[in-house]
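Colleague: Give me a 3D structure for the following:
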Amino acid sequence: MVSKLEMILKELNENGNFRASLFSTDTGLVLSSQKADDIDEKIVAAMATLLSDAAYAASEDLKLSEMTSIKIKYSDDLIICRNISMPSADTNFVLAVLSKLPDSDDVEKYFDSLLDWAIENSQADLQKLSSI
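Modeller: Numbers count the residues shown, from 1 in each chain. Predicted coordinates:
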């Protein structure tokens, strides 16, 4: 299972030129990651969990719909976090990526489509993990 998640992340990084990508539990436990040597996957997972928790609290407090994606843009960098919900197991996972800021809206849309692809292709394995 984890090897398939690693393959998905490797392809995600190659196609998006991402510096890091990872799947984690909603409590910050890293399930699988692909990253540059200078990136600490535990810090990325912790930050993604913190961002996801804050977005969830905002949706609850402000009566917003379910949060699906978080993007934080810096002058040169971008963090994208996606919640992956497993309703049948009442479990959530997080997909997080780090990249350089995209050159255009088209590249940013391409990033979104890559993350959609990664989530779609990881669903079965994440579902299995959620039942453990």
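Colleague: now for the longest helix seen in the chain, which elements pack on it?
Modeller: Secondary structure of the chain per DSSP state H: the longest helix is helix 105-130. The helices and strands touching helix 105-130, judged by 3 or more C-beta pairs under 8 Å, 6 or more residues apart in numbering; DSSP states H and E, are helix 2-16, strand 20-25, strand 77-86, strand 91-100. Quick note: C-beta positions are derived from backbone N, CA and C, even for glycine.
Colleague: by how many degrees do the last one and helix 2-16 diverge?
Modeller: Between the axes of strand 91-100 and helix 2-16, defined by axes from the mean of the first three to the mean of the last three C-alpha atoms, to 10 degrees, the angle is 30 degrees.
Colleague: In strand 91-100, which residues are buried?
Modeller: 91-99 (16 or more other C-beta atoms under 10 Å).
Colleague: Buried ones in the longest helix of the chain, by neighbour count?
Modeller: Buried, per 16+ other C-beta under 10 Å, within helix 105-130: 108, 111, 114-115, 118-119, 122, 125-126, 129-130.
Colleague: sorry, back to before: any chance of the buried residues of strand 91-100 in TSV, with distance to residue 3 and pLDDT too?
Modeller: Shown next, in TSV, are the buried residues of strand 91-100 (distance: C-beta to C-beta, whole Å; pLDDT from 0 to 100):
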residue	distance to residue 3	pLDDT
91	21	85
92	22	89
93	17	94
94	20	94
95	17	96
96	20	96
97	19	97
98	22	97
99	24	96
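Colleague: which of the residues you listed lies closest to residue 10?
Modeller: residue 97 (12.5 Å; C-beta to C-beta).
Colleague: quick one, what contacts that closest one?
Modeller: 12, 16, 18, 20-21, 79-80, 111, 115 (C-beta atoms under 8 Å, 6 or more residues apart in numbering).
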